[in-house]
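> Here is my input; please provide its structure:
(one chain, ligands or ions: 4)
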Amino acid sequence: MSSVRNIRGAPKSFILFISASVLVVIVATFLSRSWSRLSLISSHIQVPAVIQSAAPRLLSTPSAPVKMSYTKELEVAQLAVQRATQLTKRVFHEKAKGTTSKDDKSPVTIGDFGAQALIISALKHNFPSDEIVAEEEADDLRTDGTLRDTIWDLVSTTKLEDESAEGMLGGAITDVDAMLDVIDLGKSTGGNQGRIWTIDPIDGTKGFLRGGQYAVCLGLMVDGDVKVGVLGCPNLPVDDAAPLTADIGANQTDEGRGVIFSAVLGEGASSRALGTGKLVDGKPISMRPLNEMSQATFCESVEAGHSSHGDQAEIAKKLGITQPSVRMDSQAKYGSIARGAGDVYLRLPVKKTYQEKIWDHAAGDLIVREAGGQVTDIHGKRLDFGVGRTLANNKGVVAAPKDVHGQILSVVKEVLGVN
Ligand SMILES: Nc1ncnc2c1ncn2[C@@H]1O[C@H](COP(=O)(O)O)[C@@H](OP(=O)(O)O)[C@H]1O
Ligand SMILES: [Mg+2]
Ligand SMILES: [Mg+2]
Ligand SMILES: [Mg+2]
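Ligands and ions are numbered 1, 2, ... in the order given. Below is the predicted model of the structure:
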């Protein structure tokens, strides 16, 4: 009796509060059941395969997330390349580039050494047991104090503007001796076992010195197969649709220039503006469809000593191509055809004995293949990155859209007289 009397005697506001709470519980229960039913239905909806492959991140359902491979490797590689280009851009705009000559008479600058130090330091911080095949070594810097100190000056003052991005790369190298040791970590002999990064800190050093195109290149091979490729091209237009030219104008401004191309095996290729801090968003790239062979734009090296201009011109003529080729230094050629600014990249041997270096091709080869292209040597063999520091099993390069690669290759073989 007394309890009934208590409820009856309760204030109106208390009764209102209890009723509202009960209502909230009922509504919440209903919503949560409907949501799980909705999730169940959505997990049974079949998304067309073509859409799934184009936008795996967007269409992944909570029950079956699409797994992206090498996510950390890709992010570290892109940030490391972005940081290294900060250094190379400083040197590019300097008159004195600290150029010396290597044993093979090819040039190397303070930019090459500095970029290699910064990239290896980032890789070692994140993937300490991975091997590295890099172009440069520190021998000359150990005997030339002035050169060493100039490079240390650059390396110790180059960092990404975003703290978390810089932190991801492990921050600064501790001292000048550590820098020399870091540069020399790139001496792996390569091969087809395990994880091996390959670095070209400045590809197209001659272009870099001429005020032309160059690229900072990084690739990850696993058991001899390239899985991740990144190219930083500070002097190419950001705009994927910009007309193809290697020229950057007389006043060499950075305005509207600087692009990173990247690819992960099986996941497509993309481009994004080269920044100074965090990575900006990228967008997918693909080679352009070539309806008429006569309309194709060919890319080739500026240096006649690196690729035969005469053979290339004869091949183009036989294919009915009338436009002159676009000459461009570095792997910027691979990036340019991958985004459809050009169509075909030919690298035709000049010397029979020359072996192409893996760092000159690893990233570009993957980026073009992931953008819908095919890359082979002049015999039609895939580039083999698993036989050491050079492409000892290959001669030259033929990179073209998949559907016309065979047609171009047969003319290459005919002109060069090879099988
Ligand atoms: N005789 C030769 N044939 C082919 N490539 C050569 C060569 N001599 C040097 N190279 C390579 O050509 C690269 C530049 O390529 P490109 O002509 O497409 O710009 C150089 O890279 P580095 O500039 O990193 O040394 C170097 O490794
Ligand atoms: Mg070189
Ligand atoms: Mg190179
Ligand atoms: Mg180089």
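
> As a check, name the ranges of all helices in the stretch 101-250 of the chain.
110-126, 139-143, 145-155, 163-168, 176-183, 205-210 (DSSP state H, counting those that start in this stretch).

> Longest strand in the protein, please.
strand 225-237 (DSSP state E).

> That strand: which residues count as buried?
Under the neighbour-count criterion of 16 or more other Cβ atoms under 10 Å, strand 225-237 has 226-237 buried. Glycine gets a C-beta too; all of them are placed from N, C-alpha and C.

> The helices of the stretch 101-250 of the chain: which one's closest to ligand 3?
Ligand 3 lies closest to helix 205-210 among these, at 7.2 Å (Cβ to the ion).

> before we move on, back to that, in CSV, list the helices of the stretch 101-250 of the chain along with mean pLDDT, mean neighbour count and distance to Val326.
Listed next are those as CSV, based on pLDDT from 0 to 100; neighbours: other Cβ atoms under 10 Å; distance: least, Cβ to Cβ, whole Å:
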stretch, mean pLDDT, mean neighbour count, distance to Val326
helix 110-126, 98, 26, 24
helix 139-143, 96, 15, 34
helix 145-155, 97, 18, 31
helix 163-168, 98, 15, 34
helix 176-183, 98, 19, 34
helix 205-210, 96, 20, 13
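
> Looking at those, spot the one closest to ligand 2.
Of all the helices of the stretch 101-250 of the chain, helix 205-210 sits nearest to ligand 2, with 4.9 Å by Cβ to the ion.

> can the helices of the stretch 101-250 of the chain go into TSV with extra columns for distance to ligand 3?
Below are those laid out as TSV (distance: least, Cβ to the ion, whole Å):
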stretch	distance to ligand 3
helix 110-126	9
helix 139-143	18
helix 145-155	19
helix 163-168	26
helix 176-183	16
helix 205-210	7
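
> In a markdown table: those helices, plus distance to Asp360.
Shown next, in a markdown table, are these (distance: least, Cβ to Cβ, whole Å):
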| stretch | distance to Asp360 |
| --- | --- |
| helix 110-126 | 13 |
| helix 139-143 | 21 |
| helix 145-155 | 22 |
| helix 163-168 | 27 |
| helix 176-183 | 19 |
| helix 205-210 | 11 |
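
> quick one: the closest residue to ligand 3 within the chain from Gly232, how far?
Here the chain gets closest to ligand 3 at one residue, Asp203, 3.5 Å apart by Cβ to the ion. Shown here: Asp203 relative to Gly232, a distance of 10 Å by Cβ to Cβ, to the nearest Å.

> one step back: next, the angle helix 110-126 makes with the longest strand of the chain.
Angular relation of strand 225-237 and helix 110-126 on a 0 to 180 degree scale: 140 degrees, by axes from the mean of the first three to the mean of the last three Cα atoms, to 10 degrees.

> Can you name every helix or strand that whichever helix or strand comes after strand 225-237 contacts?
The helix or strand immediately downstream of strand 225-237 is strand 257-264, counting by DSSP states H and E. Under the contact definition 3 or more Cβ pairs under 8 Å, 6 or more residues apart in numbering; DSSP states H and E, strand 257-264 sits against helix 71-92, strand 225-237, strand 269-273, helix 332-338, helix 362-370.

> how about Leu123, what does it touch?
Listed by Cβ atoms under 8 Å, 6 or more residues apart in numbering, the contact partners of Leu123 are 76, 80, 130, 132, 197.

> What of Tyr70?
Counted by Cβ under 8 Å, 6+ apart, Tyr70 has contacts 220, 227-228, 264.

> same check, this time on Asp311
So Asp311 contacts 348, 415-416 (Cβ under 8 Å, 6+ apart).

> ok, now Lys357?
Lys357 is in contact with 135, 200, 389-391, counting by Cβ under 8 Å, 6+ apart.

> Relative to Ile321, which of those residues is nearest.
When the contacts of Lys357 are ranked by distance to Ile321 (Cβ to Cβ), Leu391 comes first, at 26.6 Å.

> how many neighbours does the closest one have?
The number of residues packed near Leu391 is 24, by other Cβ atoms under 10 Å.

> So it sits against Phe385, correct?
Yes - Leu391 is within contact range of Phe385, at 7.1 Å (criterion: Cβ atoms under 8 Å).

> got the residues of the stretch 101-250 of the chain near ligand 1?
Selection of the stretch 101-250 of the chain residues close to ligand 1 by Cβ under 6 Å from any ligand atom yields 106, 135, 200, 202-205, 207.

> Show the buried residues in those residues.
Among those, those classed as buried by 16+ other Cβ under 10 Å are 135, 200, 202-205, 207.

> State the pair within the residues you listed that is farthest apart.
Maximum pairwise distance in these, criterion Cβ to Cβ, is 15.0 Å, between Glu135 and Gly207.

> mind listing what the residue sitting nearest the centre point of the chain touches?
In the chain, the centroid-proximal residue (Cα atoms, centre = their mean) is Val230; its distance is 1.5 Å. Counting by Cβ under 8 Å, 6+ apart, Val230 touches 74, 77-78, 81, 217-219, 260-262, 363.

> Write the ChimeraX selection for whichever of the residues you listed are buried.
A single ChimeraX command selects the buried members of the contacts of Val230 (16+ other Cβ under 10 Å):
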select :74,77,78,81,217,218,219,260,261,262,363
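
> hang on, the earlier thing: tell me the spacing between the residue of the chain closest to ligand 3 and Tyr354.
Distance of Asp203 to Tyr354, computed by Cβ to Cβ: 16 Å.

> now swap in Glu166 and tell me
Taking Cβ to Cβ, one finds Glu166 at 39 Å from Tyr354.

> Then Gly211?
If you measure Gly211 against Tyr354 using Cβ to Cβ, the figure is 26 Å.

> For the stretch 1-150 of the chain, give me the ranges with low pLDDT.
Of all residues in the stretch 1-150 of the chain, those with pLDDT under 70 make up the ranges 1-65.

> what sits against whatever residue of it ends up closest to ligand 4?
Using Cβ to the ion, the single residue of the stretch 1-150 of the chain nearest to ligand 4 is Glu135, 4.6 Å away. By Cβ under 8 Å, 6+ apart, the residues touching Glu135 are 112, 116, 186, 199-201, 357, 359.

> Strands - which of those land there?
In strands, defined here by DSSP E, the members of the contacts of Glu135 are 199-201.

> Appreciated, that's everything.
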